[in-house]
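1. I would like the atomic coordinates for the input below:
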Amino acid sequence: MKKILFVTLLLFFSASLQVFAGSVITIQCDDVNPGAEVFINGKVAGACPIDVGVEAGPVQLLARIAVDADHEKLFVKQYNLGDGVRQHVDLVMSATQLTPEAKLRMEQAAAEAKRLKEEAEAEAKRREEAAQAGVILSAAEGGDIESMKNIAQHYDTGLGVEKDPAKAEMWRGKADAAILLALKVAAKEGNIDAMLDIASRYEAGLGIAKDLGKAAFWREQADAAKREKLALAEAKRLAEEAATRQRLENEEAARRAEEAATRRRIAVEEAEAAAQAAREATARSEREEQARAENRAERIRQISYTENIERLLKDNGKNPVSFTTALAISPIASVSDLTEAPTKSSRISRIKNEASFRPATWGKPDSMIARASTQYRDGSAEGARQDSIAADK
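-> Sure thing, here's the model as predicted:
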């Protein structure tokens, strides 16, 4: 019996050692996250709180709490545990997020919506391309060359129309024929580039049958048109040069005529100014000559008067009546300027001296001779002042 109990205890301790061999993770939950489902390395370990024995090495811990059918909270962390280590973990759950299944459903719904949108856009694009192709086809049928080329490309690629290589070739042929016709019209009007383009098409058989003879013909036409164009250009250049020379000559002639007219106008103005100056000079000379003549006449009168007085004095009173009469009219006469006729002053002095030797009645201050001498002296001074003013003028 004792042996059986001993073996049982030995087996129990052996099992316990095997359970707790390696490392241990102790997982705790707070009141907010009770009962979180725990996964160790992707395997269910139980519900929190829990102690889990693990092998030493890397360990991935995941805890999950379901919120509803599409949302959950998670705790995920990676540990690298050594042998015999006890790792304590307090779960702190994440914010609410979609479950993997819900994410998958949403991704599938988004993908389906995107597919439907792309199909709708593709359908709208096809309709738009078809409408554009219809417009281009209508223009091509109306004879527009570029539209013919474009609709041919549409039939080649199936853009907006059903792909049809035969129709594409047909429209290219029509475009080439229309181009050739337009080139010939332009060539007949003298367009050199159109002539050369036609020649190249005949040489290469582009849109028409290859024909080297016609190609050479159109090249000759182009060369002739070039020569004619050059000749016209040269004639135009010569005409422009001649017109320019004529214009310059006319401008030069006009300039010279204007200069001549200006010179004539200046000469006339100068002649008029000279004539005016001459007239003014003549008038001034005449005035001066008249003034001089008047002065000379006045001087002559004064000299004659002085000589008469001298003659009366020499008579020594032989004819008192004549002498008295001559002295009485002396204030009426003008006398010459004393500065211009110094001899007149000397004569006046001599007369006064001679008068002082005459009879006593003549030499008195109130005598006729004394009064006449005083009047003559005063008149001579006034005449001299007037002559000086006239000379200054």
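2. from here on, contacts and neighbour counts on C-alpha atoms
-> Will do.
3. For the stretch 251-393 of the chain, give me the ranges with low pLDDT.
-> The model of the stretch 251-393 of the chain has pLDDT under 70 over residues 304-393.
4. Now with 90, please.
-> Within the stretch 251-393 of the chain, the stretches with pLDDT under 90 are 296-393.
5. Could you do the stretch 51-200 of the chain as well?
-> Ranges of the stretch 51-200 of the chain meeting pLDDT under 90: 56, 66-69, 82-85, 90-94, 143, 158-160, 173, 176-184, 188-190.
6. what's the burial count for residue 92?
-> Number of residues near residue 92 (other Cα atoms under 10 Å) recorded here: 16.
7. Ok, residue 264 next?
-> Other residues within reach of residue 264 by the criterion other Cα under 10 Å amount to 12.
8. elements contacting the helix or strand where it lies?
-> Following DSSP states H and E, one finds residue 264 within helix 212-314. If contacts are counted by 3 or more Cα pairs under 8 Å, 6 or more residues apart in numbering; DSSP states H and E, helix 212-314 sits against helix 192-204, helix 320-328, helix 342-356.
9. rerun that using 10 Å as the cut-off
-> helix 165-188, helix 192-204, helix 320-328, helix 342-356, helix 368-392 (3 or more Cα pairs under 10 Å, 6 or more residues apart in numbering; DSSP states H and E).
10. And the host helix or strand of residue 53, what does it pack against?
-> Assessed by DSSP H and E, residue 53 sits inside strand 50-54. If contacts are counted by 3+ Cα pairs under 10 Å, 6+ apart, strand 50-54 sits against helix 2-19, strand 23-28, strand 37-40, strand 43-47, strand 86-90.
11. what does it rub up against?
-> Strand 50-54 is contacted from outside by 19-29, 35, 38, 40-41, 45-46, 81, 83-89, using Cα atoms under 10 Å, 6 or more residues apart in numbering.
12. same check, this time on stretch 271-291
-> Applying Cα under 10 Å, 6+ apart, the contact partners of stretch 271-291 are 265-270, 292-297, 390-391, 393.
13. And stretch 143-155, by the same measure?
-> 129-130, 132-142, 156-179, 182.
14. 8 Å - rerun?
-> Identification of contacts with stretch 143-155 by Cα atoms under 8 Å, 6 or more residues apart in numbering yields 133, 136-137, 139-141, 160-165, 167-172, 174-175, 178-179.
15. Pull out the buried residues from stretch 29-44.
-> By 16 or more other Cα atoms under 10 Å, the buried positions in stretch 29-44 come out as 29, 33, 35, 36, 37, 38, 39, 40.
16. How about stretch 120-133?
-> Neighbour count says stretch 120-133 has 129, 130, 132, 133 buried, by 16+ other Cα under 10 Å.
17. returning to what we had before: identify each buried residue in the helix or strand following the strand holding residue 53, please.
-> The helix or strand immediately downstream of strand 50-54 is strand 57-66, counting by DSSP H and E. Judged by neighbour count (16+ other Cα under 10 Å), strand 57-66 contains these buried residues: 59, 61, 62, 63, 64, 65.
18. Closest to residue 241 out of those residues?
-> Relative to residue 241, the closest of those is residue 62; by Cα to Cα it sits at 100.3 Å.
19. Perfect, that will be all.
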